[in-house]
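*Asks:* Have a look; sequence and predicted model below, questions after that.
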Amino acid sequence: MTRLTRLTRALSLALFVALLVAPIVACAPEGVAPTESRTGAVTTDPGNLDILFMIDNSSSMTPLQMKMLAQDPGFMTVLQNLPNGLPNVHIAVVSSDMGAPGDSTTSIMCSTSGDDGAFQATPRGSCTTSPLASGATFISNVDGQANYTGNLQDAFGCIAQLGDAGCGFEHQLASVARALGADGAPPPVTNAGFLRDDAELAIVLLTNEDDCSAPDGTSLYSLNVGGSNQQNIANALGPIANYRCNQFGHLCNDPASATPGAFISPPLNPPADAQGTATEPTLNMTNCESNDTATGLTTPVADLIAGIRALKTDPDNQIVVGAIAPPVTPYTVAWFTEQNGQNTQPGELWPQILHSCGQADDSTVNPQATQITTDGSFGDPGVRIDQWVKAFGDNGVFISICDPDYSTAFQTIAKKIDSHLHGSDGAGGQGGGGGQTGTAGTNGAAGSNGTGGTSGSAGTSGTGSAGASGTAGTSGSGSAGTSGSAGTSGTGSAGASGTAGVSGAGGVSGTGTGGSGVAGTSGTGTGGTSASGGTSGTGTGGTSASGGTSGTGAGGTSAGGASGTGTGGASGTGGTSGSGGSGAGGAGATAGKGGKGTGGNGTGGQASTGTGGTTTSGASGGCSCDTGGGARPSQLAGVGLLAALLLATRRKRARLSAPTSRPSLR
């Protein structure tokens, strides 16, 4: 055994022991345990975290709020169980109610500005006494100093039960922007002190309908904008109902039309290519997105995204967003016989978006919906919300409001938060030479000087001649060939000592000896399909080199491979299913921070989470501890008319007695 080999094994063993011990140390309770920072230094700093919850408080939302609060484990519990314990947190709650300014505000049971982004801290629901200190508008627990009594989860539950009396035209995204001062104006004075420059910012939305944020001076909530100026289909914007948010907030494709690739607004009246029947038409639409053009009446999602990102100097590493919202698809417009309209025409049909998920006995649930619930959950396609979340890339998490359990979302959001606070999404890339005993990396036995098969013998199984010229690889200059045995039927000695592959040692440009068949298809040498060193690497990686797909050494699928130089390859070490990955980081640390380990910066193979192993061993010191419609009035002057219309439709949970029944509009 060479001195280098002995040293490599010794270092690998030491690292393996260290990784076994580290999770035990990091899992001490209450967040006082040390963990490894991005720089490798041991720290007990839990980090600073500001979390804003936007909770939809329009009609029908109370059961969904309680569903969120009843999840086990709750989000607060997940935060408390992070490797360093509960961060120094500020936690605030804001509603979706920003009002609906216009000429019909009172009639639709809204106000002109709603809660205007102010934090909600009043005890509601089952909570009768506020646990917060007098005058506090948000939860704070910094350096162990809490401004609430009792436990964190109960304190949050007390201020998160917002009920369902809010405006039916939800402004989920505008409310978040207003609360944080991300819309160009200072935040409400009651929100002062919440947002900290040095804190991670997390935003979590809970809603069962899409965002309908609109700018000041909008006509979106008005009846007096032309046409009939009344509550009927002849109105310039159609009946005042939530469909306006779709018609003037979305652009979609109509795949059955003559121009299936054109982006159009969801129509007010059934088009010629509508499906269904003349009395019950429907229109399936696809590829919907926010209408951020001049034809839209809602606030462009792009503006709302830019405002949030501008809050931080490094938004890609300081902001995490999550949404528990309805699926974007299926998206279908359905027309129903009008209800409670004003001066309507016989047979008048009004449009409505079918729920993209919900209960099987609800005829307003899209027949194409794949999520059928049993707990009363439902929702309309969250097109704008989904687009907002995706704009934050890997830092955005979207989960369906109709999922039976939200704990997966909570865990995912918490891990992303922790990865920003402590770099556990791949920072542990100092991974022990790429595995316990792997030979990949810069110390590989091949690379540019690969030996290409000492005896030049190869062949599938025999000693046949080494081909016409026996040159080393596609462009290699090796000397194998004349004397190298390779042929299809030869019994050469490649394998055990052959280090090259089908294309010769040294890869495409290798110079090693051995010919084009060195190491053979089934050879057991350290070579592989693409020869030691990979396409341009200098290590012993390669697709099937030792430490490769199922090897125990480092190198992985791409270690020393496509462009690797033995330092981890493109996406981490350990191989697709290799067992050699004991280096920290995780196989998915494609974009991991600080991957430094020779032969790769991750461990655990394909089963690794790629987040640095907050819950998988060997990943940056992470630990796996589980710690109703009204009567028809004769004119608009009756204030109750539009209120009844909006409320009746917004109460989407009402069950219809027969498939031909028609829901009233919101």
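*Replies:* Alright, I've got the coordinates.
*Asks:* Can you pull the domain assignment for the chain?
*Replies:* Using automatic domain parsing, the domain parsing of the chain gives 45-218+294-329+378-419, 495-582.
*Asks:* Quick check: which of the ones you listed is nearest to residue 273?
*Replies:* Smallest distance to residue 273 across the domains of the chain (CB to CB): 19.1 Å, for domain 45-218+294-329+378-419. All C-beta spots, glycine's among them, are computed from the backbone N, C-alpha and C.
*Asks:* coming back round to it: make a markdown table out of the domains of the chain and add mean pLDDT and distance to residue 364.
*Replies:* A markdown table is the format used below for the domains of the chain (pLDDT from 0 to 100; distance: least, CB to CB, whole Å):
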| stretch | mean pLDDT | distance to residue 364 |
| --- | --- | --- |
| domain 45-218+294-329+378-419 | 94 | 8 |
| domain 495-582 | 34 | 45 |
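*Asks:* Rebuild the ones you listed as a markdown table, extending it with mean neighbour count and distance to residue 275.
*Replies:* A markdown table is the format used below for those (neighbours: other CB atoms under 10 Å; distance: least, CB to CB, whole Å):
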| stretch | mean neighbour count | distance to residue 275 |
| --- | --- | --- |
| domain 45-218+294-329+378-419 | 21 | 16 |
| domain 495-582 | 29 | 45 |
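*Asks:* Please enumerate residues in contact with stretch 249-265?
*Replies:* With contact meaning CB atoms under 8 Å, 6 or more residues apart in numbering, stretch 249-265 is reached by 210-212, 247-248, 266, 271, 273, 275, 283-291, 293, 295-298, 331, 383-384.
*Asks:* 7 Å instead, please
*Replies:* Residues outside stretch 249-265 that contact it (CB atoms under 7 Å, 6 or more residues apart in numbering) are 212, 247-248, 266, 273, 283, 285-291, 295-296, 298, 331, 383-384.
*Asks:* CA atoms only: put that stretch into PDB for me.
*Replies:* Provided in PDB are the C-alpha atoms of stretch 249-265 (Å, rounded to 0.1, in the frame of the first residue of the first chain):
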ATOM      1  CA  GLY A 249     -56.500  39.700 -14.400                       C
ATOM      2  CA  HIS A 250     -55.600  36.700 -16.600                       C
ATOM      3  CA  LEU A 251     -54.500  35.900 -20.100                       C
ATOM      4  CA  CYS A 252     -55.000  32.300 -21.400                       C
ATOM      5  CA  ASN A 253     -54.900  30.100 -24.500                       C
ATOM      6  CA  ASP A 254     -58.100  28.800 -26.000                       C
ATOM      7  CA  PRO A 255     -56.900  25.500 -27.500                       C
ATOM      8  CA  ALA A 256     -60.200  24.900 -29.400                       C
ATOM      9  CA  SER A 257     -60.100  28.200 -31.200                       C
ATOM     10  CA  ALA A 258     -58.700  29.000 -34.600                       C
ATOM     11  CA  THR A 259     -55.700  30.600 -32.900                       C
ATOM     12  CA  PRO A 260     -54.900  28.200 -30.000                       C
ATOM     13  CA  GLY A 261     -51.600  29.900 -29.200                       C
ATOM     14  CA  ALA A 262     -53.000  33.400 -28.800                       C
ATOM     15  CA  PHE A 263     -53.300  34.800 -25.300                       C
ATOM     16  CA  ILE A 264     -56.700  36.200 -24.700                       C
ATOM     17  CA  SER A 265     -58.800  37.300 -21.700                       C
END
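*Asks:* List the buried residues in it.
*Replies:* 249-254, 264-265 (16 or more other CB atoms under 10 Å).
*Asks:* Just the closest of these to residue 96, please.
*Replies:* residue 249 (14.7 Å).
*Asks:* Can you give me the pLDDT of that closest one?
*Replies:* pLDDT for residue 249: 98.
*Asks:* cool, residue 616 as well?
*Replies:* So, for residue 616, pLDDT stands at 33.
*Asks:* Repeat that for residue 348.
*Replies:* Listed pLDDT for residue 348 reads 95.
*Asks:* Quick check: it touching residue 233?
*Replies:* Yes: between residue 348 and residue 233 a contact is recorded at 5.3 Å, counting by CB atoms under 7 Å.
*Asks:* which of those two has more neighbours?
*Replies:* residue 233 (19 against 15; other CB atoms under 10 Å).
*Asks:* Check the gap between the more buried one and residue 51 for me.
*Replies:* 44 Å (CB to CB, to the nearest Å).
*Asks:* now swap in residue 324 and tell me
*Replies:* Distance, residue 324 to residue 51, using CB to CB: 14 Å.
*Asks:* do residue 350 as well
*Replies:* From residue 350 over to residue 51 (counting by CB to CB), the distance is 40 Å.
*Asks:* what about the helices in the stretch 101-250 of the chain?
*Replies:* Per DSSP state H, counting those that start in this stretch, the stretch 101-250 of the chain carries helices over the ranges 152-160, 172-180, 243-247.
*Asks:* Out of these, which is closest to residue 237?
*Replies:* helix 243-247 (5.8 Å).
*Asks:* now for that closest one, which elements pack on it?
*Replies:* strand 349-353 (3 or more CB pairs under 7 Å, 6 or more residues apart in numbering; DSSP states H and E).
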